[in-house]
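*Asks:* structure, please.
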Amino acid sequence: MNRRLIAGALLLAPLTAGAAGGHGPALEGSGIDLKDKASLQRGAKYFTHYCMGCHSLQYMRYNRMAEDLGIPDDALRENLIFGDAKPGDLMTNALKPEDGEKWFGTEIPDLTLVTRWRSPDWVYTYLKSYYLDDSRPYGVNNLVFPDVGMPHALVNLQGVQGPVYADHGEHAEGDGAHMVGLELVEPGELTPEEYDTLVRDITNFLTYVGEPMKLERRSLGLYVLLFLGLMFLASYYLKKEFWKDVH
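*Replies:* Predicted structure coming up:
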């Protein structure tokens, strides 16, 4: 077989495998907006309050985040930094990898790049897709991350969701039953709309953390393309001038 065909097949293998094994729900659009500083600030607050006890952001510093998001130093120290951390420190926590494996069955992942190796839509859908499952150690499972080891850290805010199965008579919830969605069985502190906004803010913040220079990169990219376009025109007319007397 042609070597190029073999190389192409190897490159496409992860994509086709993911498509073949994808039996989860369709991902919801996160609707992130990296220009929405208020959303990013709220997302930073929610992440540090609810997520950072387990998950770190080991490639982001507190003061860099505060400068980018327009968070004053006193608000940063009072609301977003806990323990002995300082503004110039990386956003890590004290959880040891061996403790994560002991408590959750796996090492707790750092989330600095989660929206890049998953996607913003995946993170947004994941945070909305926990449901009751008595077979799991913490009593919950997740539609987009089956057999998840993490408990639902936001359950008090969202409330408790239960699975909805396709109607197949008296055996609707038996082995092999088809789950078609989730329903709220116990309300949380927030309404569904408020929880949706909270999840969108967290996703927005994690998208910023994954690439803090994204907006600036896009802006510079436009200037570079404009420069290249002008250089092309100048080069074209310069070439015509040089070659006008050559037949």
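*Asks:* can you check which strand is longest in this protein?
*Replies:* The longest strand of the chain (DSSP state E) is strand 179-187.
*Asks:* tell me the strands beside it, with direction?
*Replies:* Strand 179-187 has the following strand partners under DSSP bridges: strand 159-165 (antiparallel).
*Asks:* helices along this protein, start to end?
*Replies:* 3-20, 37-46, 62-69, 73-75, 97-104, 114-117, 120-126, 155-158, 192-210, 214-243 (DSSP state H).
*Asks:* how many other residues sit next to the nearest residue to residue 166 once chain neighbours are set aside?
*Replies:* Spatial nearest neighbour of residue 166, excluding adjacent residues (CB to CB, 6 or more residues apart in numbering): residue 178 at 4.3 Å. Where you see a C-beta, it was placed from the backbone N, CA and C, and this is true even at glycine. Applying other CB atoms under 10 Å, we find 9 residues neighbouring residue 178.
*Asks:* then residue 99?
*Replies:* Around residue 99 there are 13 residues (other CB under 10 Å).
*Asks:* quick one, grab the pLDDT at it.
*Replies:* Residue 99 carries a pLDDT value of 77.
*Asks:* contacting residues around residue 242?
*Replies:* For residue 242, no contacting residues are found, by CB atoms under 8 Å, 6 or more residues apart in numbering.
*Asks:* distance of the residue nearest the centre of the chain from residue 39?
*Replies:* Geometric centre of the chain, nearest residue: residue 115, 3.3 Å, by CA atoms, centre = their mean. To residue 39, residue 115 is 14 Å away according to CB to CB, to the nearest Å.
*Asks:* then residue 224?
*Replies:* 29 Å.
*Asks:* of these two, which one has the most company?
*Replies:* residue 39 (21 against 10).
*Asks:* verify the contact between the residue nearest to the centre of the chain and residue 205 for me.
*Replies:* No - look at residue 115 against residue 205 with CB atoms under 8 Å: they stay out of range, at 9.5 Å.
*Asks:* can I see the domain layout of this structure?
*Replies:* 26-212, 216-247 (automatic domain parsing).
*Asks:* which of those domains sits most buried?
*Replies:* Neighbour counts (mean count of other CB atoms under 10 Å) averaged over each of the domains of the chain peak at domain 26-212, with a mean of 16.
*Asks:* ends of it, how far apart?
*Replies:* For domain 26-212, the separation between the terminal residues is 28 Å (CA to CA, to the nearest Å).
*Asks:* for it, the distance to its chain's centre please.
*Replies:* Relative to the centre of its chain, domain 26-212 is centred 8 Å away, using CA atoms, centre = their mean, to the nearest Å.
*Asks:* mind checking how far the residue nearest to the centre of the chain is from residue 196?
*Replies:* Taken as CB to CB, the span from residue 115 to residue 196 is 17 Å.
*Asks:* go on, residue 218?
*Replies:* The value you get for residue 218 to residue 196, if CB to CB is used, is 27 Å.
*Asks:* quick revisit: okay, the angle between the longest strand of the chain and helix 192-210?
*Replies:* 110 degrees (axes from the mean of the first three to the mean of the last three CA atoms, to 10 degrees).
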